[in-house]
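Trainee: Provide a 3D model corresponding to the input given below.
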Amino acid sequence: MKSILSVALLSLVGAATSSAVPRSCPESSQFGVLTVSPTTLQPGSTFAINTDFTCAVDQFSIVPKYLDYYIEVLENSNNGHEPPVLLARRQFSTSHGLTDSFTTTVPKLNYFEGAPYVVQVDVTYPIQGTDGEPVYIVGGTEASISLSA
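Mentor: Here you go, the predicted model:
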C-alpha cells in the first residue's frame with residue numbers, strides 16, 4: 001500500500017511540474033510578435049495591426065514604454081531613399097494586457113509596386129543604467145506587406 005501511495009504522489013508532483021514549465025519563446029519574439037491583416041494593401045486601405053508582447057515581458061523582461069509603427073521599404077532595395085512613414089505612436093500599458101491592437105490606414109503616397117515593404121514597430125523600453133536610473137533603448141520587429149499603386 002505504501003508503494004502505491006508513493007507512486008500516486010510522485011505522479012501528482014510530476015503533473016504539477018509539467019504544467020508549470022515556462023513557455024518557449026524564440027529569440028525573434030523579444031520585441032513582440034507583430035501581425036498585420038490583410039498583408040496586401042494599397043494607399044487608403046484600412047488594415048489591422050496586432051503586437052503580442054507576452055514573450056517580450058515574461059521571458060525577456062522587456063516591458064515597452066512607447067511603440068512607434070512605420071511603413072518602411074527594406075534597406076538596399078527599391079530606390080534606397082524612401083523615408084519611413086509613421087503610422088502611429090502609442091504608449092504601452094500592461095493594464096490593457098500584453099498586446100497592442102489597432103486599425104489604421106495606409107497613407108496616400110506614391111509607393112513602388114513590387115518593392116519589399118514592411119510594417120516596423122520600434123519598441124522603446126527602459127533598462128537600469130549604471131547609476132540605477134532608467135535608460136531608454138530601442139529594439140524592433142517587422143511584418144512583411146505588399147503595396148500596390
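
Trainee: Neighbours of residue 118, how many?
Mentor: By other CB atoms under 10 Å, 18 other residues sit near residue 118. Placement of C-beta: from N, CA and C, glycine included.

Trainee: same question, residue 103
Mentor: The burial count for residue 103: 10, using other CB under 10 Å.

Trainee: quick one: contacts of the biggest strand by length in the chain?
Mentor: Longest among the strand segments of the chain by residue count, using DSSP state E, is strand 134-147. Residues from elsewhere that reach strand 134-147 (CB atoms under 8 Å, 6 or more residues apart in numbering): 28, 30-36, 39-43, 51, 62, 65, 71-72, 106, 111-113, 115-129.

Trainee: For it, buried residues please.
Mentor: 139, 140, 141, 142, 143, 145, 147 (16 or more other CB atoms under 10 Å).

Trainee: what does stretch 82-102 give?
Mentor: For stretch 82-102, using 16+ other CB under 10 Å, the buried residues are 82, 87, 90, 92, 98, 100.

Trainee: Need phi/psi at residue 29.
Mentor: phi -90, psi 10 (degrees, to the nearest 10).

Trainee: My read is that it contacts residue 56, right?
Mentor: Yes - look at residue 29 against residue 56 with CB atoms under 8 Å: they come within range, at 6.5 Å.

Trainee: Name the residue in the two with the higher neighbour count.
Mentor: Under the neighbour definition other CB under 10 Å, residue 29 and residue 56 were set side by side, and residue 56 has more, 24 against 20.

Trainee: and the more buried one, what are its phi and psi?
Mentor: Main-chain torsions, residue 56, degrees, to the nearest 10: phi -60, psi -50.

Trainee: neighbouring strands for the longest strand of the chain, and are they parallel or not?
Mentor: strand 40-41 (parallel), strand 117-128 (antiparallel) (DSSP bridges).
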